[in-house]
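In: got a sequence here, can you model it:
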Amino acid sequence: MNDTTHPSRQKFIDAATALIREKGYAGTSVDDICARAGLRKGSFFHHFKSKEELLLAAIEHWNNFTGWQIRAIDCSAMSTCAWIFWTARSPNFPVCLVL
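Out: Alright, predicted model coming up:
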């Protein structure tokens, strides 16, 4: 979480990431996200205009999170398969990985 992210906004991002992995984007409702985050729907719409906007914020968060990991490894010494395995072992592994 960066310094400018409000704690409740981050809870929504974390909840959405987990639920979308479990149920898929179409199978995840705003109500599901609010329940998982333990926050009210009014708070959701304070931070995000829509579920789609939350998805974009979750993608941005994921990109920021993984950016330092990718820069920290020496990819030249690692095969693509080994890199995918290493990444998949991360607790925050994305729904899909495109190389």
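
In: report the contact partners of A58.
Out: If you count contacts by Cβ atoms under 8 Å, 6 or more residues apart in numbering, A58 has them with 13, 16-17, 20. Quick note: C-beta positions are derived from backbone N, CA and C, even for glycine.

In: go on, H6?
Out: H6 neighbours (Cβ under 8 Å, 6+ apart): H47.

In: what's the longest helix in this structure?
Out: Scanning the chain for the helix with the most residues, using DSSP state H, yields helix 51-72.

In: next, the buried residues of that one.
Out: By 16 or more other Cβ atoms under 10 Å, the buried positions in helix 51-72 come out as 51, 54-55, 57-58, 61-62, 66.

In: okay, and G27 sits in which element?
Out: Per DSSP states H and E: G27 is located in neither a helix nor a strand.

In: in strands only, show me the contacts of A58.
Out: In strands, defined here by DSSP state E, there are no members of the contacts of A58.

In: can you list those in CSV and add distance to T28?
Out: Compiled in CSV, these are given as follows (distance: Cβ to Cβ, whole Å):
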residue, distance to T28
I13, 13
A16, 7
T17, 10
I20, 5
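
In: what about the closest residue to F12 other than its chain neighbours, neighbour count?
Out: Leaving out its chain neighbours, the residue that sits closest to F12 by Cβ to Cβ, 6 or more residues apart in numbering is A37, at 5.1 Å. Look at A37: counted by other Cβ atoms under 10 Å, it has 21 neighbours.

In: got the phi/psi numbers for the closest residue to L54 other than its chain neighbours?
Out: Closest residue to L54 apart from its sequence neighbours, by Cβ to Cβ, 6+ apart: F48 at 4.4 Å. According to degrees, to the nearest 10, the main-chain angles of F48 amount to phi -140, psi 140.
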